[in-house]
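>>> For reference, the sequence and a predicted model appear below.
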Amino acid sequence: EPEVTQTPSHQVTQMGQEVILRCVPISNHLYFYWYRQILGQKVEFLVSFYNNEISEKSEIFDDQFSVERPDGSNFTLKIRSTKLEDSAMYFCASRLQETQYFGPGTRLLVL
Amino acid sequence: AQRVTQPEKLLSVFKGAPVELKCNYSYSGSPELFWYVQYSRQRLQLLLRHISRESIKGFTADLNKGETSFHLKKPFAQEEDSAMYYCALSGADKLIFGTGTRLQVFP
């Protein structure tokens, strides 16, 4: 069964550095999402993406964040200048119809 | 405001006991509700959708619009049900999650 994949599984970075988190959604899916989960907190929506543009974004998704679908398979989340509070698990998801399918997540640690 | 509340952080039961994981929601409109499960070291995966009204792994959930609830139930818990369970609401193309309930099933 096809699955959403994410790389890397873990990323450690210094505050102020740029990071790119990568996702490969399920191939025939059309809607793509990023969520994050700070340790001990709930899973929070960041952004949704359809037809090569952002369809909705949360208050968390400020100017430091961007998303891109650079080719037909990858979907990336870039954090331009990381802050300590960006440390979290980042989940990518995709869907064709109603159900969102999640990737295994990337654990980001900002030092 | 759109919100999902799961009042229990942890629910511990013995194998064979009934389980009910509570979920209440706040949403103006017709909600779509889901239960996702996360087993240890695995990804979030869909357990149930209220629209499908099916039973998966013995779990059922009924949408009660009057009480704005979508509680997850299983009559006889199994050890392999131990996991983190998240109730989620689909609002305008995003999922709004509750804080999750950890279910521990003891032998």
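Received it, and whenever you're ready, just let me know what you need. Numbers count the residues shown, from 1 in each chain, chains lettered A, B, ... in the order given.

>>> Based on its surroundings, how many neighbours for residue B:16?
The number of residues packed near residue B:16 is 11, by other Cβ atoms under 10 Å in any protein chain shown. In this view, the C-beta of every residue, glycine as well, is placed from N, C-alpha and C.

>>> just checking, it touches residue B:75?
No. Contact criterion Cβ atoms under 8 Å: residue B:16 and residue B:75 do not qualify, at 9.3 Å.

>>> Within range of chain A, give me the residues from chain B.
B:32, B:34, B:36, B:42-46, B:49, B:51, B:86, B:90, B:92-100 (Cβ under 8 Å from any Cβ of the partner chain).

>>> So for the strand ranked longest in chain B, mean pLDDT?
If each strand of chain B is counted by residues according to DSSP state E, the longest one is strand B:83-91. Mean per-residue pLDDT for strand B:83-91: 93.

>>> Can I get that strand in CSV, CA atoms only?
Extracted in CSV, the C-alpha atoms of strand B:83-91 (Å, rounded to 0.1, in the frame of the first residue of the first chain):
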residue,chain,number,x,y,z
ALA,B,83,-1.7,3.4,21.7
MET,B,84,-2.3,7.1,21.5
TYR,B,85,-5.7,8.0,20.1
TYR,B,86,-6.5,11.4,18.6
CYS,B,87,-10.0,12.7,17.8
ALA,B,88,-10.0,15.2,14.9
LEU,B,89,-12.4,17.5,13.2
SER,B,90,-12.2,18.4,9.6
GLY,B,91,-12.8,22.1,9.2
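
>>> Please state the offset of that strand from the chain centre?
Its chain's average C-alpha position is 6 Å from that of strand B:83-91, according to Cα atoms, centre = their mean, to the nearest Å.

>>> Quick check: which helices or strands does it pack against?
Applying 3 or more Cβ pairs under 8 Å, 6 or more residues apart in numbering or on different chains; DSSP states H and E, one finds that strand B:83-91 makes contact with strand B:3-5, strand B:32-38, strand B:94-97, strand B:101-106.

>>> ok, and what's touching the longest one?
By that I understand strand B:32-38. Identification of contacts with strand B:32-38 by Cβ atoms under 8 Å, 6 or more residues apart in numbering or on different chains yields A:98-99, A:102, B:21, B:23, B:25, B:44-51, B:59, B:61, B:63, B:70, B:72, B:83-90, B:95, B:97, B:100.
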